[in-house]
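Participant: Dropping a prediction and its sequence here:
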Amino acid sequence: MNAPLWTIPNLISLFRLACAPFLVLSGLSESAIPFFAILSLMLASDALDGFLARLLRQTSVLGAKFDSYGDYATYMAVALGAWLQWPERIEREAPFILLAIAVFILPAAVSIVKFKRFASYHTWFTKVSALLMSFGIFALLVFDLSWPFYVAVAARTPPRLASSARREGSRRAVETLRRSAVPYPPRGSAAPRSPA
């Protein structure tokens, strides 16, 4: 049976997706207030959709996908909108911003290429790192403080790489076991003798 589409958590995730183009366009405004207002709504909706899904028992695979799509749309829209609003600051921090985007998008791209499906991470680590990243983004854009953003990027990077390495290591281990396994003899034949 298919999960219902129009649940409250799904609508909140879809709201976040719908806000993304407006966040980018708000970067063209002379005032930063629209940018921060839309970004705050998007981040609040990100925290709210998962909580409500669990509270209302409306969790679903589709809802998790909507949430992940909303996350990707938020981070891309933040980068583009901030670049339009504060081009010098964003260009100055470009290496860390590009690293943050790569760390966020690379696992999804690898998942699509290798497994033909979109990666969706919903762990406590991703929740904490998203909170750190939100704080880092606000510190950078509101107060021009770089170090909280650097900490957020550094905290997010190693576990993502470690998780990719674990998956790759598990795949290699299975392949090694498969190649080294001795095939069973066909039924009715004598079992192989061990060397004396």
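Facilitator: Okay, I see it. Please read all numbers here as calculations on a predicted model, not as lab measurements. Numbering: from 1, shown residues only.
Participant: Off-centre distance for stretch 135-146?
Facilitator: 20 Å (CA atoms, centre = their mean, to the nearest Å).
Participant: Could you give me the buried positions within that stretch?
Facilitator: 136-141 (16 or more other CB atoms under 10 Å). Bear in mind the C-beta positions are built from the backbone N, C-alpha and C, glycine included.
Participant: nearest to residue 156, of these?
Facilitator: Nearest to residue 156, judged by CB to CB, of the buried residues of stretch 135-146 is residue 136 at 9.5 Å.
Participant: Let me know whether that closest one touches residue 143 as I believe.
Facilitator: No: if you go by CB atoms under 8 Å, residue 136 and residue 143 don't touch, sitting 11.0 Å apart.
Participant: ok, back up a step: nearest to residue 26 among the buried residues of stretch 135-146?
Facilitator: Looking across the buried residues of stretch 135-146 and measuring by CB to CB, the closest to residue 26 is residue 141, at 12.1 Å.
Participant: Which residue comes closest to the closest one once chain neighbours are left out?
Facilitator: residue 82 (5.9 Å; CB to CB, 6 or more residues apart in numbering).
Participant: Number of residues surrounding that neighbour?
Facilitator: Under the neighbour criterion other CB atoms under 10 Å, residue 82 is assigned a count of 23.
Participant: element containing it, please.
Facilitator: Assessed by DSSP states H and E, residue 82 sits inside helix 61-85.
Participant: Give the next helix or strand downstream of that helix.
Facilitator: Criterion used, DSSP H and E; the element after helix 61-85 is helix 87-92.
Participant: buried ones in that following helix?
Facilitator: Applying 16+ other CB under 10 Å to helix 87-92 flags 89-90 as buried.
Participant: So which other helices or strands are in contact with that helix?
Facilitator: helix 61-85 (3 or more CB pairs under 8 Å, 6 or more residues apart in numbering; DSSP states H and E).
Participant: Counting by contacts, list what the helix it packs on packs against.
Facilitator: helix 8-26, helix 33-55, helix 87-92, helix 94-115, helix 124-143.
Participant: Quick one: these as TSV, columns for distance to residue 63 too.
Facilitator: As requested, the helices and strands packed on helix 61-85 are exported to TSV (distance: least, CB to CB, whole Å):
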stretch	distance to residue 63
helix 8-26	5
helix 33-55	6
helix 87-92	32
helix 94-115	17
helix 124-143	15
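Participant: Just the closest of the buried residues of stretch 135-146 to residue 58, please.
Facilitator: Distances from residue 58 to the buried residues of stretch 135-146, taken by CB to CB, are shortest for residue 137, at 28.7 Å.
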